[in-house]
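# Here's my sequence, what's the structure:
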Amino acid sequence: MNLRKLRIRTFAIILLIVAILSGFTIHLFAQQIIRGEHYALIGSSTSGTAPIPAARGIIVDRNGIPLVYNDTRTSLVFESPFFPSRETTAGQTQRNGLLASLLDLFDEFETEWIDFLPLEIQGGVPVFLEDREADITYLRNYLNLNPYATAQNVMDALISEFDLEDFPLAVARNISSVQFNMFRLRYRTGTPYTFADEVSDELISRVLENSAFYQGVHTQKVPVRVHASGTLAPHILGRVAAITREDLDRHSESENRYRLTDEYGAFGIERVAQEYLRGTDGQKTILQDRNTGEITEIVDRPAQQGNTVVLSIDSRLQAMIEEAFPRHMADMAHRRHTNIPVAGAVVVLCTRTFEVLASVTYPTFDITNYPANYHTDPNRPIINRALTGLYEPGSTAKAGVSLAALQEEIITPSWTFRCTGSFPFGGMTFRCPQVRLHRGRPVDLRMAMVNSCNSFYYEMGRRLGYSRINAYRSMDGLAQPTGVELPEAMGSMDSPEFRQQRGQNFYAGNNLQTAIGQGNLFTPIQLAVQSATIANRGTRMNAHFIQSVRRAGTNEIVRITEPQILSQTGIERRHYDVMHEIMMDSATRAGTTAGRHFGDLPVRIAGKTGTAQVGRNIDGRWTEFTNGIFVSFAPYDNPEIAVVAVGEGGRSSEPVLPIVRDIYQFYFGSLDQMATPLRENVLL
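As a prediction, this is how the structure comes out:
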């Protein structure tokens, strides 16, 4: 029995030895035969590693149409393992000669290179560039100069720092610019320096033909951001730019740190979805033959593109509104204050999910020309009026006040109030401009809404008071965060606390005025949220631009935005049913302003007009004018979308009605083409 066990153990040991020897043999074969050429190449070359830039994820609309995507360009970069070093005098001399030659080559080809130095030569004299104070301070600190060092002092220090005494001043200045920027961007092994963003094939050929001289100067394919249209939703999409110091520091402790050379979302979806859109850089080994200078690259780890961000926006609807809105406003010049520039905003929400289907601001800008002179343009095209523009709601506030009064049992649909054109209260008399329509007759809720009777709502304000009105407005989403991912203004509701913050008094009469919308400031997106909340009978959800985030190439869901209930008004359904009917009558009744525009649509809409008097400093003069507003939803009995339009300078709401009509015709005339949330297994 013992002999048998001994034989088994001996056999097992022999098998183990054979397995180990076989493993060594296979490994040796792989190293010497299969990968022998690879290791021979490494042995005869200077090597180093460098990142492979990853492409950002693309941004698409709800139909999968690309809005922001990537192209590629060829950049010229300096790779640290091969580029002449500053560690020795000989290395600095070689570097200066290489840069002088390369700069001369770029001049010959009339090609731009990255020039960051906040100093230039004018008439043979160094001068600082305007509006570069922070960079000038950084440069002085780098050179250990005092805060009062002149441009000449700085230039002298740069020449000394980089041993440029033998070069003409202009050439020395340019060589200094490159080397200073290399330091600023922490050029080192693993962090190449980009000398030029986009280089022609002809120039690249000249560099490669002289690779033995231009040591460490390599080409790199770099993804570059492209907008399908520079004017389509620029306030929403945003742009990327060089990462700021603040963003760099904010991510300093994170697992995936950033480099100073990285791009980062500057604003818009590009910023708020930065961590989803950011790809993962790969890594490559660069080998340069010691004898021939020939470059070989080996991919160690491929780059991974960032995720695809799917927006709720319908780009066709967005584009239609962007084209038609200013045109309609201009065509309605006879209904506008002619001294007020055409401006305003349009928002379209899905009433069932609170997805933003369109968000248009005018005036707008071309994101591909950013920043141009947009920040100094007196018409302020940079402002996202849809999300941050604050407007008094005017008579559009009356729908919400009506619902509050119904729920609080202050009125019934048949309750009436006699409008005489004046409403005495608190020692003052408040006027109703619609008295000619009422002629002193009793006015019920329907007539008060359709004819926009101020006296009726003065009485509602007196009975409800600001506190109850504001409570319902808050539940409707007014002066509240809407949930959108982008920055938005909060707005304000009139109250003693609000007046006190502004150093003003709140009077009893303000209860009346707030009921007709005065003293309140809301954004168009908030008005759209309120309209959608009224449309779906009291449930407010989070408005949002991002529908989902999906893995590039596979469509795997990374994140999906589910509608979340933010508040429920508690108003009974029967009151909403009444208000839907009245708002439909208000928007479509023959003979009314709105009825002329919406009476023959394929669906019946519900809506309310509004005009708010405001004042603004225009060309150094205080100017009073009115804004026209229209809030709506459709179909009135089974709502799908809410549409809000604000037109600055409208003598009434009429200048914004044509664009609202276009939106409903577009939406309900092409429902078979309107996409629902992006389907599964659709490759993006």
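# can you pull the buried residues of the helix or strand hosting residue 471?
When secondary structure is defined using DSSP states H and E, the element that contains residue 471 is helix 454-476. Across helix 454-476, burial judged by 16 or more other C-beta atoms under 10 Å covers 454-462, 464, 466, 468-470, 472-473, 475-476. Glycine gets a C-beta too; all of them are placed from N, C-alpha and C.
# repeat for stretch 477-497
Judged by neighbour count using 16+ other C-beta under 10 Å, the buried positions of stretch 477-497 are 477-480, 482-486, 488-489, 491-495.
# again, but for stretch 613-624
For stretch 613-624, the neighbour count (16+ other C-beta under 10 Å) marks residue 614 as buried.
# For residue 651, give me its contacts.
335-337, 611, 626, 628 (C-beta atoms under 8 Å, 6 or more residues apart in numbering).
# confidence score at it?
Confidence at residue 651, expressed as pLDDT, is 86.
# Could you do the one 4 residues further on as well?
Turning to residue 655, the model gives it a pLDDT of 92.
# If I follow the layout properly, residue 185 ends up in contact with residue 243?
No: proximity of residue 185 to residue 243 does not meet the contact threshold set by C-beta atoms under 8 Å, at 10.6 Å.
# intersection of neighbour lists for these two?
Common neighbours of residue 185 and residue 243, counting by C-beta under 8 Å, 6+ apart, are 259-260.
# Double-check that residue 402 belongs to a helix.
Yes: checked against DSSP: H, G, I helix; E, B strand; the rest coil, residue 402 lies within a helix.
# and after the helix holding residue 471, which helix or strand comes next?
In the C-terminal direction, the helix or strand that comes right after helix 454-476 (DSSP H and E) is helix 496-501.
# ok, residues contacting that next one?
Among residues not part of helix 496-501, those counted as contacts by C-beta under 8 Å, 6+ apart are 492, 505-506, 510.
# Out of those, the closest to residue 597 would be?
For residue 597, the nearest member of the contacts of helix 496-501 is residue 492. The distance, counting by C-beta to C-beta, is 31.2 Å.
# On the three-state scheme, residue 130 is what?
Each residue gets one of three states, and residue 130 gets coil by three-state DSSP.
# what about it, how many neighbours?
Residues near residue 130, counting by other C-beta atoms under 10 Å, number 7.
# send the alpha carbons of the helix holding residue 471 over as PDB?
Taking Å, rounded to 0.1, in the frame of the first residue of the first chain, the C-alpha atoms of helix 454-476 are listed here in PDB:
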ATOM      1  CA  ASN A 454     -58.900  93.100 -13.200                       C
ATOM      2  CA  SER A 455     -61.700  94.000 -10.800                       C
ATOM      3  CA  PHE A 456     -62.800  90.400 -10.500                       C
ATOM      4  CA  TYR A 457     -59.300  89.400  -9.500                       C
ATOM      5  CA  TYR A 458     -58.800  92.400  -7.200                       C
ATOM      6  CA  GLU A 459     -61.600  90.800  -5.200                       C
ATOM      7  CA  MET A 460     -59.900  87.400  -5.400                       C
ATOM      8  CA  GLY A 461     -56.700  89.000  -4.100                       C
ATOM      9  CA  ARG A 462     -58.600  90.700  -1.300                       C
ATOM     10  CA  ARG A 463     -60.200  87.500  -0.200                       C
ATOM     11  CA  LEU A 464     -57.300  85.100  -0.600                       C
ATOM     12  CA  GLY A 465     -54.400  87.400   0.500                       C
ATOM     13  CA  TYR A 466     -50.800  87.100  -0.700                       C
ATOM     14  CA  SER A 467     -50.000  84.200   1.600                       C
ATOM     15  CA  ARG A 468     -52.500  81.700   0.200                       C
ATOM     16  CA  ILE A 469     -51.800  82.900  -3.300                       C
ATOM     17  CA  ASN A 470     -48.100  82.300  -2.900                       C
ATOM     18  CA  ALA A 471     -48.600  78.900  -1.400                       C
ATOM     19  CA  TYR A 472     -50.400  77.700  -4.500                       C
ATOM     20  CA  ARG A 473     -47.900  79.400  -6.700                       C
ATOM     21  CA  SER A 474     -45.100  77.600  -5.000                       C
ATOM     22  CA  MET A 475     -46.800  74.200  -5.500                       C
ATOM     23  CA  ASP A 476     -47.200  75.200  -9.200                       C
END
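# No further questions, thank you.
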